[in-house]
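Asker: Requesting a structural model of the entry that follows:
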Amino acid sequence: MDSETTKAPEQPAGDADSPWRRVQLARHPGRPHSLDYIERLVKEFQELHGDRFFGDDPAIVGGFGLLEGRPVMVVAQQKGRSTKQKLHRNFGMPKPEGYRKALRLMKLAEKFSRPVIALLDTPGAYPGIDAEERGQAEAIAVNLREMTRLKVPLVSVVIGEGGSGGALALGVGNRVLMLENAIYSVISPESCAAIIYRDAGLAEKAASALRLTAADLLHLQLVDEIVPEPAGGAQNDYDQAAALLRDALVRSLDSFAAASPADLVEQRYDKFRRMGSYFTDS
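Answerer: A predicted model of the protein is given here:
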C-alpha cells in the first residue's frame with residue numbers, strides 16, 4: 001500500500017466555513033487517501049487487479065476484506081501522495097479500465113453476497129485521448145446503469161474530491177456519505193469560473209455558486225449523512241478520521257441488514273429518481 005504519511009502543511013487560510021476553504025481542505029496534500037482508510041478500517045484486505053478487457057488501472061483499487069468482522073468489497077479511487085505515487089496513480093483520475101475493474105469487483109461482490117463500500121476521491125475521470133479511444137464515457141455510463149441494479153448493499157463515501165462523472169461512476173449507492181470537508185460537484189471551481197466568468201482566477205466565487213460542500217448537498221438531499229472530521233480537518237488525525245468513518249459505515253450497513261435484493265434495488269432507484277427538479281410542457 002502507498003499510504004505513506006507526510007507532515008501536514010499549514011492550514012488553508014480564510015473563513016473556516018467558506019466553500020473555498022472546504023475546497024482547499026478537500027485537496028489538502030496531507031489529507032488521508034483511500035488506502036489510508038483501508039489500512040485502518042479493513043482487515044485482511046486482498047487487493048484484486050485488472051478489468052479482464054484491457055489492463056489494470058492503479059487509480060482504482062479494490063478488493064475483499066473485513067470491516068468490523070463483516071466481509072465487504074471495497075472499491076476506491078486513489079490519488080497517491082509522493083510524486084512517484086501520483087504519477088503511478090495518474091493523480092487519482094481513472095481511465096476506462098479503472099471503471100471496468102470497479103464494476104467487475106462490484107459484480108463479484110454481488111455473486112458472493114458481499115456489501116460494497118465505494119470511496120470517492122478524484123478530480124475527475126482522465127480526459128486523455130487514449131481514455132476516450134477506449135470508451136471513457138461508455139465505461140462511466142455502464143457503471144451508472146449497473147450500479148442501480150446491484151443486488152447487495154452499496155455505500156458510497158466522498159472522502160475528498162468528488163469530481164464530476166469521474167466520481168459519480170462509483171457514487172450510485174443506497175446511502176451516500178460525505179466527509180465534513182469533502183466536496184462533490186459537476187465541475188471544478190476553476191473550470192466553472194473559466195466557463196461562466198471567463199476567468200479561472202474567480203474560482204473562489206464559483207465555489208460558492210456551485211453548492212459543493214457537504215452541508216449544501218445534505219440540504220439538497222443529494223447525500224444522506226455528513227461524517228464529521230477531526231478538528232481542522234482529517235489530515236490532522238488519520239486514526240480519528242478513520243474511526244469516525246468506521247462508525248458511519250457500520251451504521252449504514254446495519255440499516256440494510258434485513259433488506260432483500262429487490263428492496264435494495266428499489267430503494268436505490270427511488271433515491272436517485274427523487275433528485276433534481278424538472279418540468280414538462282402541458
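Asker: Run a quick neighbour tally on G30.
Answerer: By other Cβ atoms under 10 Å, the residues close to G30 number 15. Where you see a C-beta, it was placed from the backbone N, CA and C, and this is true even at glycine.
Asker: Packing partners of the helix or strand that E138 is a member of?
Answerer: In the assignment (DSSP states H and E), E138 maps to helix 136-148. Applying 3 or more Cβ pairs under 8 Å, 6 or more residues apart in numbering; DSSP states H and E, we find helix 136-148 packed against helix 96-111, helix 164-168, helix 261-273.
Asker: Out of those helices, the one nearest P123 is which?
Answerer: If you check each of the helices and strands packed on helix 136-148 against P123 by Cβ to Cβ, helix 164-168 wins as the nearest, at 7.4 Å.
Asker: Quick check: K43 touching R70?
Answerer: No - between K43 and R70 there is no contact under Cβ atoms under 8 Å: 10.2 Å.
Asker: circling back: dump the helices and strands packed on helix 136-148 into CSV; add distance to T213 and mean neighbour count as well.
Answerer: Below are these laid out as CSV (distance: least, Cβ to Cβ, whole Å; neighbours: other Cβ atoms under 10 Å):
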stretch, distance to T213, mean neighbour count
helix 96-111, 26, 23
helix 164-168, 15, 22
helix 261-273, 21, 14
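Asker: how about these in JSON lines, adding distance to H49 and mean pLDDT?
Answerer: Putting the helices and strands packed on helix 136-148 into JSON lines (distance: least, Cβ to Cβ, whole Å; pLDDT from 0 to 100) gives the following:
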{"stretch": "helix 96-111", "distance to H49": "7", "mean pLDDT": "97"}
{"stretch": "helix 164-168", "distance to H49": "20", "mean pLDDT": "92"}
{"stretch": "helix 261-273", "distance to H49": "27", "mean pLDDT": "95"}
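Asker: Same list (the ones you listed) but as TSV, adding distance to A241.
Answerer: Converted to TSV, the helices and strands packed on helix 136-148 look like this (distance: least, Cβ to Cβ, whole Å):
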stretch	distance to A241
helix 96-111	23
helix 164-168	19
helix 261-273	26
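Asker: Which neighbouring elements make contact with the helix or strand containing A76?
Answerer: Element membership for A76, per DSSP H and E: strand 70-77. Contacting strand 70-77 under the criterion 3+ Cβ pairs under 8 Å, 6+ apart are the following elements: helix 34-41, strand 42-47, strand 60-67, helix 96-111, strand 116-122, helix 238-255.
Asker: With K84 as the reference, name the closest of those.
Answerer: Nearest to K84, of the helices and strands packed on strand 70-77 and by Cβ to Cβ, is helix 34-41 at 14.6 Å.
Asker: That closest one - contacts with which helices or strands?
Answerer: Judged by 3+ Cβ pairs under 8 Å, 6+ apart, helix 34-41 is in contact with strand 60-67, strand 70-77, strand 116-122, helix 238-255.
Asker: Okay, buried residues for the first one please.
Answerer: Applying a neighbour-count criterion of 16 or more other Cβ atoms under 10 Å, the buried positions in strand 60-67 are I60, V61, G62, G63, F64, G65, L67.
Asker: re earlier: closest one to T83 among the helices and strands packed on helix 136-148?
Answerer: Nearest of those (Cβ to Cβ): helix 96-111, 20.5 Å.
Asker: now the buried residues of strand 60-67 in TSV, with pLDDT and distance to L170?
Answerer: TSV is the format used below for the buried residues of strand 60-67 (pLDDT from 0 to 100; distance: Cβ to Cβ, whole Å):
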residue	pLDDT	distance to L170
I60	97	8
V61	97	12
G62	97	10
G63	97	15
F64	98	17
G65	97	17
L67	97	17
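Asker: what about A26, how many neighbours?
Answerer: A26, neighbours per other Cβ under 10 Å, totals 26.
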